[in-house]
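Novice: Okay, structure incoming, though there's no sequence with it:
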């Protein structure tokens, strides 16, 4: 067998094995996430109240400093399990909550908040879709937004009616006291309000701008589509990439083996 064929076989087996290992490790993490969530939720029919309890659990788990752990490379950030064990900032804790909800088959997404349309993002929360409607929760301030009908407000309600946030903050400060973390929630022109929510930043570069413009032909607000889980789950992302590489390696191997034979057959 030719050296090239042997090298490609080795690479195929290596990437396939590595991808399977990471995938199984990811599944093990998910089992731990579910066990963590079941301390406050029971059953498969997740309601807004269940998510409020999960949000409170994550708020009280670990600290609020940026989690410096990571999987594979620093730019991927911490895994949900690493956040569950040591805590994290708003983006970290939102990542953990969204991963748990996804594992519970509840559609959820991170939502980034900015003080103006062109300002850098300064805060991250989670929106989820439950059997009783849409709900937004903030896992670093332990905030949810009950609505008068007994349900909860979603991102669009909060964006369209700024008084909802102020009224809820006033209510929670009265309940928790002036020394609670909620009393230091930053509002104002440079604060963390919901006027400019974004789930996916399509303005990041020319490629994302192009994709965003295409999506605009099919959805009303591309900036509010739900983020895929692999964007916020490093192990899932790496497992997927390794799977794609192994498939490409297998295709290359088949091409190396069969293409010369095909060419020879055509010449005959």
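Specialist: Sure thing, it's come through. Source: prediction; values computed, not measured.
Novice: From here on, just use CA atoms for contacts and neighbour counts.
Specialist: Will do.
Novice: Show me what the longest strand along the chain pairs with in its sheet, parallel or antiparallel.
Specialist: Using DSSP state E, we find that the single longest strand of the chain is strand 123-130. Strand 123-130 has the following sheet partners, assigned by DSSP bridges: strand 108-113 (antiparallel), strand 133-138 (antiparallel).
Novice: between the ones you listed, which one is nearest to residue 50?
Specialist: When those are compared by CA to CA, strand 133-138 sits nearest residue 50, at 10.8 Å.
Novice: average pLDDT for whatever helix or strand comes next after the closest one?
Specialist: Downstream of strand 133-138, the first helix or strand assigned by DSSP states H and E is strand 143-144. Confidence over strand 143-144 (mean pLDDT, whole number) is 96.
Novice: other SSEs contacting strand 143-144?
Specialist: Under the contact definition 3 or more CA pairs under 8 Å, 6 or more residues apart in numbering; DSSP states H and E, strand 143-144 sits against strand 133-138.
Novice: Pull out the buried positions in the strand it packs on.
Specialist: The neighbour-count check on strand 133-138 (16 or more other CA atoms under 10 Å) flags 134-138 as buried.
Novice: between those, which is nearest residue 192?
Specialist: residue 138 (11.1 Å).
Novice: Show me the beta-bridge partners of that closest one.
Specialist: residue 143.
Novice: Spell out which residues sit in contact with it, please.
Specialist: Going by CA atoms under 8 Å, 6 or more residues apart in numbering, residue 138 touches 55, 90, 94, 124-126, 144.
Novice: State the distance from it to residue 245.
Specialist: Residue 138 sits 37 Å away from residue 245, going by CA to CA, to the nearest Å.
Novice: try residue 5
Specialist: Taking CA to CA, one finds residue 5 at 16 Å from residue 245.
Novice: Same check on residue 117?
Specialist: From residue 117 to residue 245 the distance is 38 Å (CA to CA).
Novice: who's more crowded, the two?
Specialist: Counted by other CA atoms under 10 Å, residue 117 and residue 245 do not tie: residue 245 has more neighbours, with 17 against 12.
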